[in-house]
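Q: this one's sequence-less:
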């Protein structure tokens, strides 16, 4: 468990490189915002979370994997991650922030991800 990181994961680093290459600048892990978003665009009031499919229970194949040992503990742990994510997203929305969640499995298609990020960041809402 000590090898599982919450910051600077490979999916997060790939997203950061892509966004930087698009010319956007951001802040990392803003402590004062609920959930400490992975990337924060203060002037736009937008935040991006990069979630691992397994840990945040995505609907893809990796997110549906059930742990083989200590199954009840891990089910509860993963469900608490989902519940916390929903609370944090709602708190950010209530504070006037827009959020985007990027799943680990979505990073493989760089073109689609680039388009999705551009649309999110350029949306003037």
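A: Received, thanks. Here the structure is a predicted model, which means the values were calculated and not measured.
Q: from now on I want contacts and neighbour counts done on CA atoms only, so please keep to that.
A: Noted.
Q: mean confidence score for stretch 61-74?
A: Averaging pLDDT along stretch 61-74 yields 90.
Q: same check on stretch 31-49?
A: Stretch 31-49 shows an average pLDDT of 96 in the prediction.
Q: and the contacts of it?
A: By C-alpha atoms under 8 Å, 6 or more residues apart in numbering, the surrounding residues in contact with stretch 31-49 are 7, 12, 16, 25-30, 50, 85, 88-89, 91-92, 96-102, 121.
Q: just the buried members of those?
A: Among these, those buried by neighbour count (16 or more other C-alpha atoms under 10 Å) are 12, 16, 26, 28-30, 50, 85, 88-89, 92, 97-100, 102, 121.
Q: what packs against the longest helix along the chain?
A: Counting residues, the longest helix in the chain under DSSP state H turns out to be helix 71-94. Based on contacts counted as 3 or more C-alpha pairs under 8 Å, 6 or more residues apart in numbering; DSSP states H and E, the elements that helix 71-94 packs against are strand 98-103.
Q: contact partners of the strand it packs on?
A: Contact with strand 98-103 is made by 45-53, 58, 89, 92-93, 120, as judged by C-alpha under 8 Å, 6+ apart.
Q: residue 111: which of those residues is nearest?
A: Using C-alpha to C-alpha, residue 120 is the member of those that sits closest to residue 111, with 14.3 Å.
Q: can you pull the contacts of the closest one?
A: Under the criterion of C-alpha under 8 Å, 6+ apart, the contact partners of residue 120 comprise residue 100.
Q: secondary structure element for it?
A: With elements taken from DSSP states H and E, the one containing residue 120 is helix 110-122.
Q: buried ones in that helix?
A: Residues of helix 110-122 classed as buried under the neighbour-count rule (16+ other C-alpha under 10 Å) are 113, 114, 117, 120, 121.
Q: and what of stretch 49-59?
A: By neighbour count, with 16+ other C-alpha under 10 Å as the criterion, the buried positions of stretch 49-59 are 49, 50, 51, 52, 53, 54, 55, 56, 57, 58.
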